[in-house]
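Q: A predicted structure for the sequence below; I have some questions about it.
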2 protein chains.
Amino acid sequence: MNGAAAPPPDADMAFNLDRWSAVRLECVERSLSKWVVADAPAGLGDAMRYAVLDGGKRLRPLLVLAACEAVGGLGEAALRAACATELIHAYSLVHDDMPCMDNDVLRRGKPTVHVKFGQAQALLAGDALQALAFELLVPDDDAVPAGVQAALCRLLARSAGHAGMAGGQAIDLASVGQSLTQAQLFEMHKLKTGALLEASVMMGAACGSASGAELSGLQAYGSAMGLAFQVVDDILDVTADSATLGKTAGKDAAQAKPTYVSLLGLDRSRAYAQKLLAQSLRALDASGLRDTRALQSLAMMVVNRDN
Amino acid sequence: MNGAAAPPPDADMAFNLDRWSAVRLECVERSLSKWVVADAPAGLGDAMRYAVLDGGKRLRPLLVLAACEAVGGLGEAALRAACATELIHAYSLVHDDMPCMDNDVLRRGKPTVHVKFGQAQALLAGDALQALAFELLVPDDDAVPAGVQAALCRLLARSAGHAGMAGGQAIDLASVGQSLTQAQLFEMHKLKTGALLEASVMMGAACGSASGAELSGLQAYGSAMGLAFQVVDDILDVTADSATLGKTAGKDAAQAKPTYVSLLGLDRSRAYAQKLLAQSLRALDASGLRDTRALQSLAMMVVNRDN
């Protein structure tokens, strides 16, 4: 009676995000290293690998894998989709950091790609990473059914293009020094960051056969979580230092970019992030999906992270 | 007996490339104008449309459509593929013209995209055009079977990425001021220009169900014609003026870029182009395809063009 308390009966069942992620991240890293080949011509492979490997939280791949597992989908398809979302994210950072865009020299604690390899190679590496993302989705074998291949391409293309990430960056570009309403800021981030995060969830779902209710639940989850991600990014830009972030802190204010913090202030931004988190968790509950613990934990990680 | 000579008996059957092209180009232009939407956010749509509409020979779309017709393929798929190849081509020109690459101010007789819209918008417009190319290939309806959608994405992604166009541009970049062997020059152009031209032919073929012999014939045709295209480009850079070309002439020599003309001289380059033309026509003959007149005429146009 006086010994150590017995563990609660379902301790074995407790979900540990770190443990869940570790196994999957190892697989994602190994696959990225295999698929982003070093032998692309004239140093292009080196620049591509530098942009992709050894860095990043790999949030998008983890979302793909978590959503795929929630719907009991096909692992081979999900692994390809996971890597594809990361390649799109990586290419967008390479181009975004270039002098004609954000002109940033530090990313993930290392010199940015154009600082290391020159602007022309950075431009090409980004272009080639985007093409490779789509190439990964359409393997020339029977491991992934053609219908899934096409669905994955559709989700990725829409979320990366003019009605998604690239469109959001265009708004971002045009908004420097402007004051935006919350609705305009919302629209910008929905496209710039939210579209690819939401697409990551939906690509995971496309690797299985989810019901309509499950798909709507996942979409609502992805949408709220994606927006929360950006609100927290805005908060961290103000509250964290460059060493913790692995990128230049305070850059939004320096560039006079409208952010949630500049619009709402710090406290209301934090409250908004928590509200979005609750919203994303409720959407999972309502989806009827059996096991959404990984998705839940990822949303909590997104909101409570410190970098 | 003294009247006008009667037309030869098969005059009605004579193939007229201009007439054949006119109908198809009208359809391609209309589709591009529909699919490259003006309402992409913050001026992005304007930059994308400027980069794509009202200009260019549309060689790649015509190759897609001609190959599709040769194999009796699906028109809806081919039209999407045709526009997708043109979007990839257009995006590559936008990025290639940027100051960190070729730094060119004139394209198709107009200011280049970054001159007109700024570098950041040009970068984003190129990125968004690449995404849109893939989006066009995967419509969310039953008009194009999923297997064809996936095959088209596969061909396009490979030809655009590190083992195709982007890889060739990396070699190009690294070769400025270097002397290349003919084998190295061949490799550069096979990737930089040849891969997408060959892919255009194979994407047309993927819209139907070609036999193995037909596919090899089309591939050999595409490969020889693609290389011929670049040899002629090198010749025209020396012999034509900027007004005829619609882009800056003499730029290879000015940038000390290795070309077929700098390697072989003008006469041997011309002979080489004719040899490649003959090779591409023989490949069509050997393919066993019934009607390859459009493909033949396009290869002749590629070699005998003056801009």
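A: That came through fine.
Q: just the strands in the stretch 51-200 of chain A please.
A: Listed in chain order, the strands of the stretch 51-200 of chain A (DSSP state E, counting those that start in this stretch) span A:106-107, A:110-111.
Q: Most tightly packed of those?
A: Most buried of these by mean neighbour count (mean count of other C-beta atoms under 10 Å in any protein chain shown) is strand A:106-107; its value is a mean of 20. Where you see a C-beta, it was placed from the backbone N, CA and C, and this is true even at glycine.
Q: Give me the mean pLDDT for that strand.
A: In this model, strand A:106-107 has a mean pLDDT of 90.
Q: My read is that A:Gly167 contacts A:Thr193, right?
A: No. With contacts defined as C-beta atoms under 8 Å, A:Gly167 does not count as touching A:Thr193, sitting 11.9 Å away.
Q: The two: which is more packed in?
A: A:Gly167 (27 against 22; other C-beta atoms under 10 Å in any protein chain shown).
Q: quick one: contacts for the more buried one?
A: For A:Gly167, the contact set (C-beta atoms under 8 Å, 6 or more residues apart in numbering or on different chains) comprises A:Gly161, A:Leu191, A:Lys192, B:Ala40, B:Pro41, B:Ala42, B:Leu44, B:Ala128.
Q: Could you rerun that using 10 Å?
A: Taking C-beta atoms under 10 Å, 6 or more residues apart in numbering or on different chains, we find A:Gly167 in contact with A:160-161, A:187-188, A:190-192, A:195, B:39-42, B:44-45, B:124, B:128, B:131.
Q: Apply the buried test to those residues and list what passes.
A: Buried members of those, scored by 16 or more other C-beta atoms under 10 Å in any protein chain shown, are A:160-161, A:187-188, A:190-192, A:195, B:40-42, B:44-45, B:124, B:128, B:131.
Q: Pick out the most distant pair among those residues.
A: Farthest pair in the buried ones among the contacts of A:Gly167 (C-beta to C-beta) is A:Glu187 and B:Ala131. Separation: 18.7 Å.
Q: In helices only, show me the contacts of A:Gly167.
A: Using DSSP state H, A:Ala160, A:Glu187, A:Met188, A:Ala195, B:Leu44, B:Gly45, B:Leu124, B:Ala128, B:Ala131 are the members of those that sit in helices.
Q: How far off centre is the helix or strand containing A:Glu29?
A: If you go by DSSP states H and E, A:Glu29 is part of helix A:17-35. On the basis of C-alpha atoms, centre = their mean, to the nearest Å, helix A:17-35 sits 15 Å off its chain's mean C-alpha point.
Q: Which elements pack onto it?
A: Helix A:17-35 sits against helix A:44-52, helix A:59-70, helix A:75-96, helix A:119-137, helix A:293-304, with contacts defined as 3 or more C-beta pairs under 10 Å, 6 or more residues apart in numbering or on different chains; DSSP states H and E.
Q: just how off-centre is the third one within its chain?
A: Going back to what we said before, that points to helix A:75-96. That offset, for helix A:75-96, works out to 9 Å (C-alpha atoms, centre = their mean).
Q: how about low-confidence regions in chain A?
A: A:1-13, A:242-249, A:253 (pLDDT under 70).
Q: For A:Arg24, list the residues it contacts.
A: Residues in contact with A:Arg24, defined by C-beta under 10 Å, 6+ apart, are A:Arg58, A:Pro61, A:Leu62, A:Val64, A:Leu65, A:Ala66, A:Glu69, A:Ala78, A:Leu79, A:Ala82, A:Ala294.
Q: possible to save those as a markdown table with neighbour count and distance to B:Ala286?
A: A markdown table is the format used below for those (neighbours: other C-beta atoms under 10 Å in any protein chain shown; distance: C-beta to C-beta, whole Å):
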| residue | neighbour count | distance to B:Ala286 |
| --- | --- | --- |
| A:Arg58 | 21 | 49 |
| A:Pro61 | 30 | 46 |
| A:Leu62 | 26 | 51 |
| A:Val64 | 34 | 45 |
| A:Leu65 | 29 | 48 |
| A:Ala66 | 27 | 52 |
| A:Glu69 | 22 | 51 |
| A:Ala78 | 28 | 43 |
| A:Leu79 | 23 | 41 |
| A:Ala82 | 31 | 44 |
| A:Ala294 | 21 | 55 |
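Q: Format those residues as JSON lines; extra columns: distance to A:Ala240.
A: Converted to JSON lines, the contacts of A:Arg24 look like this (distance: C-beta to C-beta, whole Å):
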{"residue": "A:Arg58", "distance to A:Ala240": "19"}
{"residue": "A:Pro61", "distance to A:Ala240": "23"}
{"residue": "A:Leu62", "distance to A:Ala240": "21"}
{"residue": "A:Val64", "distance to A:Ala240": "27"}
{"residue": "A:Leu65", "distance to A:Ala240": "27"}
{"residue": "A:Ala66", "distance to A:Ala240": "25"}
{"residue": "A:Glu69", "distance to A:Ala240": "31"}
{"residue": "A:Ala78", "distance to A:Ala240": "32"}
{"residue": "A:Leu79", "distance to A:Ala240": "32"}
{"residue": "A:Ala82", "distance to A:Ala240": "27"}
{"residue": "A:Ala294", "distance to A:Ala240": "26"}
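Q: Tabulate the residues you listed (a markdown table), appending distance to chain B.
A: Shown next, in a markdown table, are these (distance: C-beta to the nearest C-beta, whole Å):
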| residue | distance to chain B |
| --- | --- |
| A:Arg58 | 21 |
| A:Pro61 | 19 |
| A:Leu62 | 23 |
| A:Val64 | 18 |
| A:Leu65 | 22 |
| A:Ala66 | 24 |
| A:Glu69 | 24 |
| A:Ala78 | 17 |
| A:Leu79 | 17 |
| A:Ala82 | 17 |
| A:Ala294 | 28 |
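Q: State which helix of chain A is the longest.
A: If you go by DSSP H, chain A has its longest helix at helix A:212-239.
Q: mind checking how far the closest residue to A:Thr85 other than its chain neighbours is from A:Ala240?
A: Of all residues not flanking A:Thr85 in the chain, A:Arg60 sits nearest, at 3.9 Å (C-beta to C-beta, 6 or more residues apart in numbering or on different chains). A:Arg60 sits 21 Å away from A:Ala240, taking C-beta to C-beta, to the nearest Å as the criterion.
Q: Ok, A:Arg282 next?
A: Remark: distance between A:Arg282 and A:Ala240 (C-beta to C-beta) = 28 Å.
Q: which one of the two has more residues nearby?
A: Higher neighbour count among A:Arg282 and A:Ala240: A:Ala240, with 17 against 14, using other C-beta under 10 Å.
Q: is it true that that one touches A:Asp306?
A: Yes. Assessed by C-beta atoms under 10 Å, A:Ala240 is found in contact with A:Asp306 at 6.4 Å.
Q: want to throw the strands of the stretch 51-200 of chain A into TSV with distance to A:Glu26?
A: Formatted as TSV, the strands of the stretch 51-200 of chain A follow (distance: least, C-beta to C-beta, whole Å):
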stretch	distance to A:Glu26
strand A:106-107	23
strand A:110-111	21
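Q: Would you mind giving these as TSV with distance to chain B added?
A: Formatted as TSV, the strands of the stretch 51-200 of chain A follow (distance: least, C-beta to the nearest C-beta, whole Å):
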stretch	distance to chain B
strand A:106-107	17
strand A:110-111	17
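Q: List the buried residues of the helix holding A:Glu29.
A: Neighbour-count burial for helix A:17-35, counted by 16+ other C-beta under 10 Å, picks out A:Leu17, A:Trp20, A:Ser21, A:Arg24, A:Leu25, A:Cys27, A:Val28, A:Glu29, A:Ser31, A:Leu32, A:Trp35.
Q: Quick check: the gap between the spatially most central residue of chain A and chain B.
A: With distances taken as C-alpha atoms, centre = their mean, the residue of chain A nearest its centroid is A:Arg60 (3.5 Å). Going from A:Arg60 to chain B by C-beta to the nearest C-beta, to the nearest Å gives 16 Å.
Q: who's in contact with that residue?
A: By C-beta under 10 Å, 6+ apart, the neighbours of A:Arg60 are A:28, A:81-90, A:196-197, A:199-201, A:203-204.
Q: cool, and A:Leu185?
A: Applying C-beta under 10 Å, 6+ apart, we find A:Leu185 in contact with A:Ile171, A:Ser175, A:Ser179, A:Gln230, A:Val231, A:Asp234, A:Pro258, A:Thr259, A:Tyr260, A:Ser262, A:Leu263, A:Leu264.
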